[in-house]
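with the sequence up front, the predicted model follows.
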Amino acid sequence: MSAPSTTGIKFAYVFTVILAIITTSIIYTMPLAERTQLLREGGPIEGLSAAGYIVVLIYAIVIFSNRYIKQYHYLLLLIAFFAMRELDFDKRFTTMGVLKSKFLVSPDVPLLQKVIGGLVLALLIYCVVYTLLLHGRPLVKRLFNPALHHWGILLGLACMVFSKSVDGLGRKVKGWTGYELDYVTVKNASALEECLELFIPLFFLLAFVAYARLIASPQQLRSGSP
């Protein structure tokens, strides 16, 4: 079987990067009140981000065989965690956000919530650690010569890291330097964070598509043949 063409995936990467730049530029030019409404907690942008992760999960389940799903279950669980984070599941059902450092020791959090939240955190840690152990070193080794599916992972991770670096920028700058950023700068940083988060699942989806084309035909993926 001849190797599948990579032109479509390469074009999709370029198109998605351009789309991210255009989308961010459009949102930045919007009036502040409209932009705030669009980027609010639980708003349209967060909803689209969560939907993106759900699409990634559906694609993986439909395209890949049970063997691949079992083998890479931790990656799919991570994608599910990202979707739930966008839907604010980490703080919607508990007294305090599950991801907060004080969650397990705070006297304000009921014991049952601590037990359930602790189990969820343990599962999340397992997925992160397992992913790093199995894929961290190979990804670093291919950093300067990445395969096509690595581009989606690297672009998604870059968006993730940068979005977290500007999350709460005003609070971080004030804590580090004592300097208080103006309101517009803080809002601009928040807008950039949400825009970056919107495109993380799209890059991950492209990584899954590229990997599926790399390893086998769709028939082999469903049958589990190597």
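Arrived safely. Numbering: from 1, shown residues only.

and the residue positioned nearest the centre of the chain, what helix or strand is that in?
Geometric centre of the chain, nearest residue: residue 200, 4.8 Å, by Cα atoms, centre = their mean. Using DSSP states H and E, residue 200 falls within helix 183-215.

tell me how far stretch 124-141 is from the chain's mean position?
Remark: stretch 124-141 is offset 15 Å from the chain centroid, using Cα atoms, centre = their mean, to the nearest Å.

alpha carbons only: can I get that stretch in CSV?
What follows is the C-alpha trace of stretch 124-141 in CSV, where atoms were taken according to Å, rounded to 0.1, in the frame of the first residue of the first chain:
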residue,chain,number,x,y,z
LEU,A,124,-5.7,12.8,36.2
ILE,A,125,-2.2,12.4,37.7
TYR,A,126,-2.0,8.8,36.4
CYS,A,127,-2.9,10.0,32.9
VAL,A,128,-0.4,12.9,32.9
VAL,A,129,2.4,10.8,34.3
TYR,A,130,1.8,7.9,32.0
THR,A,131,1.7,10.2,29.0
LEU,A,132,4.9,11.9,30.0
LEU,A,133,6.7,8.6,30.6
LEU,A,134,5.6,7.0,27.4
HIS,A,135,5.6,10.0,25.0
GLY,A,136,7.7,12.7,26.6
ARG,A,137,11.1,11.6,25.6
PRO,A,138,10.2,10.4,22.0
LEU,A,139,8.5,13.8,21.5
VAL,A,140,11.6,15.7,22.7
LYS,A,141,13.9,13.6,20.5
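
in stretch 96-115, what's buried?
96, 98, 103, 109, 113-114 (16 or more other Cβ atoms under 10 Å). No exception for glycine: its C-beta is placed from N, CA and C like everyone else's.

what about it, average pLDDT?
Taken as a whole, stretch 96-115 has an average pLDDT of 89.

list the contacts of that stretch.
By Cβ atoms under 8 Å, 6 or more residues apart in numbering, the surrounding residues in contact with stretch 96-115 are 85, 90-91, 94-95, 117-118, 120-121.

show me the shaky parts of the protein.
Confidence mapping of the chain against pLDDT under 70 gives the ranges 1-5, 216-226.

re earlier: my read: the residue nearest to the centre of the chain touches residue 48, true?
No: using Cβ atoms under 8 Å, residue 200 makes no contact with residue 48, being 11.3 Å away.

list the contacts for residue 83?
Taking Cβ under 8 Å, 6+ apart as the criterion, residue 83 is in contact with 50, 53-54, 57.

highest neighbour count among these?
residue 53 (24 neighbours; other Cβ atoms under 10 Å).

quick one: residues contacting that one.
So residue 53 contacts 79-80, 82-83, 86, 201, 204 (Cβ under 8 Å, 6+ apart).

now do residue 194
By Cβ under 8 Å, 6+ apart, the residues touching residue 194 are 39, 45-46, 49, 163.

now swap in residue 57 and tell me
By Cβ under 8 Å, 6+ apart, residue 57 lies in contact with 76, 79-80, 83.

now residue 46: how far from residue 207?
22 Å (Cβ to Cβ, to the nearest Å).

out of the contacts of residue 83, the closest to residue 213 would be?
For the contacts of residue 83, the residue nearest residue 213 by Cβ to Cβ is residue 57; the value is 18.8 Å.

buried residues in the helix or strand hosting the closest one?
Assigned by DSSP H and E, residue 57 belongs to helix 44-63. For helix 44-63, the buried set under the neighbour-count rule, 16+ other Cβ under 10 Å, comprises 45-46, 48-50, 52-57, 60, 63.

downstream neighbour of that helix in the secondary structure list?
Toward the C-terminus from helix 44-63 - assigned by DSSP H and E - lies helix 66-71.
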